[in-house]
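*Asks:* Based on what follows, work out the 3D shape:
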Amino acid sequence: MTSPTSVVVDAAGSTLPFNRFFQRGVGSCHAYLTLREDFREHVRLVQREIGFGGIRFHGIFTEYVGVVHGGEEADGGPRLNFQNATKIYEFFVAQGMKPFVELGFMPVRLASGPQTIFDYRGNITPPKERAQWSRLVRRFVAHLVEHFGIAEVLTWHFEVWNEPDLHNTFWTGTMADYFELYADTALAVKAVDARLRVGGPATSKTMWVPDLLAFCAERKVPLDFISTHHYCVDADLVRGVPDGPMYYRGMRGMRGDVERVRAQIAESAFPQAELHFTEWNSSPAHEDVYGKDTAFTAAFALQTIKEVSGLVDSYMWWTVSDIFEESGLSLRPFTGKYGLVNQHGVKKPVFHAFRWLAQMFDAELPLAAASARASRSTAGDVRLLTWNLPEVVETDLGGGDWKTRGAERADVFHFHGLHGCYRVRVWIVDDERGNALHAWRAMGAPDYPKADQIEALRRAGEPVVLRDETLDLSGDYTLALTVPPCGVVFVELARS
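*Replies:* As a prediction, this is how the structure comes out:
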């Protein structure tokens, strides 16, 4: 165990606005999954207990959704059908979520080639006729405005494509081809209403940002926001290359990415452009169980969010649910997919990290602690969140445990300015407690858990209560906590 760390929490002291940029959006897999009832239940659960302000997903133009229908229309273009797309957005709007509309992939009838990505076969080729792509975008956006109302759609964002820098993975064209697609798309969106927000380049690893900024300035193309992605286990970004060995870059890498992109925007012709990281997680690997399903993920998420706070307009965790079909359906209850909940709706430790962070009050109390945050309500209640992120020695993206280095940490929090009767409650999530993956392994890791086993996993996935007592306080209160590596502890002091 490390030597005790003493932290002062001045409940009567000055505060800062609590920045909820991490709560402004969350990712999902592909659009058509929204029509699955079990997926909808996962979204409802997340919205009840966390409450994200927006949603982003791939594939609104895939054949599953069917926006390009058979037959022709009077103007000579293919018949368009927005029935499924409308149902998809209606669901999310009903959950209080603002769509971050990713415009892609290419409908087969408009595509210049047959290349696709993922099990749901999203076409990744440029349009064979740019005018037909522009027509689709213009008609689609006009339909959304007509159906949902301009006041609603003005609160949305329209993002052009996904990760076009990954050549022959998400885009078969060149960077120049993407910029032409961006220009056509931006002009089509603005043709519906100039106030609508459009942006990109939605790249992996923060690529192409200065290039798009320069292109839009030179060509006078609208650009309201920059969007891009990053993961902590990723290729080397320091040298600005799109390929390279995959390794854990740590908090320095995560914060450095955001700082660099923010500086690129500030130095451009669009210094007021919003910055949205529309995908982030520990790693981009689909089989990374340790990085996605364990308590490590919870501590990693909390530390990253604290590191980049104040630098980004939204920061969208990838993803809401393990109902996720890029590499096919999950073979087992825990396989290293990106969700806050697994395919059965069982909460992962990272779910609680977001839930507790969302439950922080709007007034943040500054702390001299690298891995803790505190907040105060107008009534004088205090909430505290602390975590212990270990150092990563070696990753295993194929499903095994990572090698980490870390020790149990002794935290002593000295609360000042508390007067009256308080109910003090403390919860923990770590490698064994509040950990459904641990419980699943303990029951023999069944591939197809039965109803009673799923219910047991749901119970095991809830945080463990360490303390629940009522105290009369006369100003000061000291709370000693032991936080194991990967542990997350939530404390609430509520007036009673």
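
*Asks:* other SSEs contacting the helix or strand hosting Lys190?
*Replies:* Using DSSP states H and E, Lys190 falls within helix 175-192. Under the contact definition 3 or more C-beta pairs under 8 Å, 6 or more residues apart in numbering; DSSP states H and E, helix 175-192 sits against helix 130-148, strand 157-160, strand 197-203, helix 209-219. Glycine gets a C-beta too; all of them are placed from N, C-alpha and C.

*Asks:* Give the buried residues for it.
*Replies:* Buried positions in helix 175-192, judged by neighbour count with 16 or more other C-beta atoms under 10 Å: 175, 177-186, 188-190, 192.

*Asks:* next one: stretch 69-80
*Replies:* In stretch 69-80, counting by 16+ other C-beta under 10 Å, buried: Gly77, Pro78, Leu80.

*Asks:* Which residue is the nearest non-sequential neighbour of the first one?
*Replies:* Of all residues not flanking Gly77 in the chain, Arg135 sits nearest, at 5.2 Å (C-beta to C-beta, 6 or more residues apart in numbering).

*Asks:* can you pull the contacts of that neighbour?
*Replies:* Counting by C-beta atoms under 8 Å, 6 or more residues apart in numbering, Arg135 makes contact with Asp75, Gly77, Ala188.

*Asks:* Give me the most central residue, this structure.
*Replies:* Nearest residue to the geometric centre of the chain (C-alpha atoms, centre = their mean): Trp317, 1.2 Å.

*Asks:* State the distance from it to Ser282.
*Replies:* 10 Å (C-beta to C-beta, to the nearest Å).

*Asks:* Can you verify my assumption that Val43 contacts Val320?
*Replies:* Yes - here Val43 reaches Val320: they are 6.2 Å apart, a contact under C-beta atoms under 8 Å.

*Asks:* overlap in contacts of the two?
*Replies:* Joint contacts of Val43 and Val320 (C-beta under 8 Å, 6+ apart) are Ser28.

*Asks:* out of those two, which sits in the more crowded spot?
*Replies:* Val320 (28 against 22; other C-beta atoms under 10 Å).

*Asks:* Now do the contacts for the more buried one.
*Replies:* Val26, Gly27, Ser28, His42, Val43, Val46, Phe52, Ile55, Gly339, Leu340, Val341.

*Asks:* So the second one lies in a strand, does it not?
*Replies:* Yes - if the criterion is DSSP: H, G, I helix; E, B strand; the rest coil, then Gly27 is within a strand.

*Asks:* Burial check on it, number of neighbours?
*Replies:* Gly27: 26 neighbours (other C-beta under 10 Å).

*Asks:* And Ser14, by the same measure?
*Replies:* 8.

*Asks:* Please tell me how far the closest residue to it other than its chain neighbours sits from Asp431.
*Replies:* Nearest non-adjacent residue to Ser14, counting by C-beta to C-beta, 6+ apart: Pro366, 7.4 Å away. With distances taken as C-beta to C-beta, Pro366 is found 30 Å from Asp431.

*Asks:* Please name the nearest non-neighbouring residue to Gly305.
*Replies:* Check again: residue 305 is Ile, not Gly. Using C-beta to C-beta, 6+ apart, the nearest residue to Ile305 is Phe22, at 4.8 Å.

*Asks:* Give me the contacts around the helix or strand hosting Lys292.
*Replies:* Take DSSP H and E as the rule and Lys292 turns out to sit in helix 289-293. When contacts are defined by C-beta under 8 Å, 6+ apart, helix 289-293 is touched by residues 233, 281-283, 285, 296-297, 300, 334-339, 342, 348, 350, 395-397, 399-402, 437.

*Asks:* hmm, 6 Å instead?
*Replies:* By C-beta atoms under 6 Å, 6 or more residues apart in numbering, the residues outside helix 289-293 that reach it are Ser282, Ser283, Phe334, Gly336, Tyr338, Lys348, Gly399, Asp401, Trp402, Leu437.

*Asks:* Before we go further, the third one is sitting in a helix, right?
*Replies:* By that I understand Phe334. No - counting by three-state DSSP, Phe334 is not found in a helix; it is coil.

*Asks:* residues near it, how many?
*Replies:* For Phe334, using other C-beta under 10 Å, the count is 23.

*Asks:* residues contacting it?
*Replies:* Counting by C-beta under 6 Å, 6+ apart, the residues that Phe334 touches are Asp293, Asn342, Leu437.

*Asks:* Please look at Asn342 and Pro333 and confirm they touch.
*Replies:* Yes - using C-beta atoms under 6 Å, Asn342 makes contact with Pro333 at a distance of 5.4 Å.

*Asks:* The two: which is more packed in?
*Replies:* Asn342 (28 against 22).

*Asks:* Phi first, then psi, for that one.
*Replies:* phi -80, psi -170 (degrees, to the nearest 10).

*Asks:* which residues does Ala494 contact?
*Replies:* Asp381, Arg423.

*Asks:* per-residue pLDDT, it?
*Replies:* pLDDT, Ala494: 96.

*Asks:* that older thread, any chance of JSON lines for the helices and strands packed on helix 175-192, columns distance to Tyr448 and mean pLDDT?
*Replies:* Formatted as JSON lines, those follow (distance: least, C-beta to C-beta, whole Å; pLDDT from 0 to 100):
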{"stretch": "helix 130-148", "distance to Tyr448": "40", "mean pLDDT": "98"}
{"stretch": "strand 157-160", "distance to Tyr448": "37", "mean pLDDT": "98"}
{"stretch": "strand 197-203", "distance to Tyr448": "37", "mean pLDDT": "97"}
{"stretch": "helix 209-219", "distance to Tyr448": "45", "mean pLDDT": "98"}
